[in-house]
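1. next one to model:
(chains A and B)
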Amino acid sequence: AQTVTQSQPEMSVQEAETVTLSCTYDTSESDYYLFWYKQPPSRQMILVIRQEAYKQQNATENRFSVNFQKAAKSFSLKISDSQLGDAAMYFCAYSIAQGGSEKLVFGKGTKLTVNP
Amino acid sequence: ETGVTQTPRHLVMGMTNKKSLKCEQHLGHNAMYWYKQSAKKPLELMFVYNFKEQTENNSVPSRFSPECPNSSHLFLHLHTLQPEDSALYLCASSQADREGNEQFFGPGTRLTVL
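-> Numbering: from 1, shown residues only, chains lettered A, B, ... in the order given. Sure thing, here's the model as predicted:
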């Protein structure tokens, strides 16, 4: 079965501190892409960071970085210098090409609270 | 308008009503998607349209009927829904010319079925 597991339903972090959100996935595909999406309260879901599975180097976008462990099928998100605007639901997902289209498989999400 | 827009933002309907959700993308993309987001469940992909052709129907009940008249517009027609269909329905679009492209999401329609 193709699944994504986010084991932390909720997390909290102090402003300016670092937090890591965990994600594991299960796929038999060898070529796929991994994503972290952010959904702020009552706002649109937006892409935070993307990782190509064939690349060993971990992706980084400003304060956001990932720890990609392909053999362990693990894809955690680290947020450094947390800001109040980082408070949101974070969804881990992977995409696979299937039947002429691309399919995103999501986890249940982690709700991140940032305390001032 | 920019990005992906959805109307209406909120919808309350009875089980015997017929209604439609509308999505429009202003990004020049050629693939569009419908997702269902329920509390404490992963986002569920419902339908995919690639170059206006439906390429994915993820075992969605026939009371949900998608329509994609062109690459910029996507509809979800609803009829005889059940209370368990209450959820946030998200539309997304992407450029499907290569794998791994970002999907851009709309704000969603919050649907309540009474």
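2. could you measure from the residue nearest to B:Thr7 when sequence neighbours are not counted over to chain A?
-> Leaving out its chain neighbours, the residue that sits closest to B:Thr7 by CB to CB, 6 or more residues apart in numbering or on different chains is B:Lys22, at 4.9 Å. Bear in mind the C-beta positions are built from the backbone N, C-alpha and C, glycine included. Using CB to the nearest CB, to the nearest Å, one obtains 16 Å as the distance from B:Lys22 to chain A.
3. Three-state assignment for B:Lys22, please.
-> At B:Lys22 the chain is in strand, as set by DSSP: H, G, I helix; E, B strand; the rest coil.
4. that one: what's it in contact with?
-> B:Gln6, B:Thr7, B:His73, B:Leu74, B:Phe75 (CB atoms under 8 Å, 6 or more residues apart in numbering or on different chains).
5. want to throw those residues into CSV with pLDDT and neighbour count?
-> Listed next are the contacts of B:Lys22 as CSV, based on pLDDT from 0 to 100; neighbours: other CB atoms under 10 Å in any protein chain shown:
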residue, pLDDT, neighbour count
B:Gln6, 97, 21
B:Thr7, 97, 13
B:His73, 96, 14
B:Leu74, 96, 27
B:Phe75, 97, 17
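6. nearest to chain A, of these?
-> B:Gln6 (9.5 Å; CB to the nearest CB).
7. which residue packs closest to the closest one, ignoring adjacent ones?
-> B:Gln6 sits nearest to B:Gly106 (CB to CB, 6+ apart), 4.0 Å away.
8. rewinding a little: got CSV for the contacts of B:Lys22, with secondary structure too?
-> CSV is the format used below for the contacts of B:Lys22 (three-state DSSP):
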residue, secondary structure
B:Gln6, strand
B:Thr7, strand
B:His73, strand
B:Leu74, strand
B:Phe75, strand
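9. which of these lies closest to A:Ala88?
-> Minimum distance to A:Ala88 across the contacts of B:Lys22 is 19.2 Å, recorded for B:Gln6 (CB to CB).
10. name whatever forms a beta bridge with the closest one.
-> B:Cys23 (DSSP bridges).
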